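A.B. asks: Dropping a prediction and its sequence here:
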Amino acid sequence: MKKNIAIIMGGYSSEYQISLKSGNVVFETLDFSKYNAYRVHIFKDKWVYVDENDAEFPIDKNNFSVNINNESITFDCVFNAIHGSPGEDGFMQAYFELLGIPHSSCPMYQAAVTFNKRDCLSILKPYGIKTAESYYLNLGDAINENSIIEKVGLPCFVKANKAGSSFGVTKVHKKEDLQNAINIAFKEDDEIIIEQFLDGTEVSVGVITYKGETKVLPITEIVSENDFFDYEAKYLGKSQEITPARISEEQEEKVNIVAKKVYENLKMTGFSRSEYIFKDGDPHLLEVNTVPGLTKESILPQQAAEAGISLADLFDNAIQEALK
């Protein structure tokens, strides 16, 4: 009997358009002989199932069901394609875990921790995971520009702490530009992280649970045409994403070990994509994404293809792992 799969997409953040693309790729790729796939849009003002004619049917939030032509449809599993809040920060995970509905992403706690860049880095540092020097600010804190620069140097990155896809990120070269960068970051989040600039090769490493085992995918090298790997570079073609990365065997081995350690120490499941920069030969962790982009141009699907895993297999495996 075919399983009913809800593919949730959209979300409450600036990333909703990318999420809709990811979710539609999942919808188009799933094996319809095995699954009944339902596109579910999650927005602040509505949760709706969207059919092939773009007709909308409200989701009953009490049990995550939908009534279609007087028939109540419930779901065997949820495929999470929401980047940012509420799909990547633990809220949807907690909701589905309370309802007892399997879902494709990591558990609630892991989602919440990894979405908070500074909490995630703080947890991993005692395990020997190297990171950039950083300085934290909450909205309303006194801002001492000299203290910030003394700790992280220039240039530095000012980032929204809980946001993805490089929203709210500015590379600051001069002290006089620091305040404006902080203002931009605070538009995305009430917590920000200011990080030392690491000058080295940037790589992205996908780690997934594949057929019951932790699997590190082939590494992607990021070469941005812009000053850093910003939104344009990620989604508007302003970067080269080279898989496999042009790094030495020693570097590859080091970053594979670190990426697997991060995934397993955090007790992750499902998809993850972590970003690293090599400094003095060692990978330094920037962040961990638990609902990475799943469009055909996205990094994780590129890496899976290099590993001989098709999109259909990648998505099917995620559902099968969730159903376990």
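C.D. replies: Now that the structure is in, tell me what you want to look at.

A.B. asks: quick one, what contacts Arg99?
C.D. replies: No Arg there; residue 99 is Leu. Going by CB atoms under 8 Å, 6 or more residues apart in numbering, Leu99 touches 63-64. Where you see a C-beta, it was placed from the backbone N, CA and C, and this is true even at glycine.

A.B. asks: Is Ala185 in contact with Gly168, as I believe?
C.D. replies: Yes. With contact defined as CB atoms under 8 Å, Ala185 and Gly168 form a contacting pair (4.6 Å).

A.B. asks: which neighbours do the two share?
C.D. replies: 159-160, 192.

A.B. asks: Out of these, flag the one nearest to Leu98.
C.D. replies: Ala160 (28.1 Å; CB to CB).

A.B. asks: who's in contact with the residue nearest to the closest one when sequence neighbours are not counted?
C.D. replies: Once flanking residues are discounted, Ala160 sits nearest to Gly168: 3.2 Å by CB to CB, 6 or more residues apart in numbering. Applying CB under 8 Å, 6+ apart, we find Gly168 in contact with 159-160, 184-185, 187-189, 192.

A.B. asks: let's see 6 Å
C.D. replies: If you count contacts by CB atoms under 6 Å, 6 or more residues apart in numbering, Gly168 has them with 160, 185, 188.

A.B. asks: one step back: so which of the shared contacts of Ala185 and Gly168 are in helices?
C.D. replies: Among the shared contacts of Ala185 and Gly168, none falls in helices (DSSP state H).

A.B. asks: distance of the closest residue to Thr170 other than its chain neighbours from Gly11?
C.D. replies: Leaving aside its sequence neighbours, Thr170 sits nearest to Ala181 (CB to CB, 6+ apart; 3.7 Å). Look at Ala181 and Gly11: by CB to CB, to the nearest Å, they are 25 Å apart.

A.B. asks: Neighbour count: the two, which is higher?
C.D. replies: Neighbour count, other CB atoms under 10 Å: between Ala181 and Gly11, Gly11 has more, with 29 against 20.

A.B. asks: just to revisit the earlier point, adding distance to Val172 and pLDDT as columns, could you present the contacts of Gly168 in a markdown table?
C.D. replies: Rendered in a markdown table, the data for those read as follows (distance: CB to CB, whole Å; pLDDT from 0 to 100):
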| residue | distance to Val172 | pLDDT |
| --- | --- | --- |
| Ala160 | 14 | 92 |
| Ala185 | 11 | 94 |
| Glu188 | 16 | 88 |
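
A.B. asks: Out of the residues you listed, flag the one nearest to Gly270.
C.D. replies: Distances from Gly270 to the contacts of Gly168, taken by CB to CB, are shortest for Ala160, at 23.6 Å.
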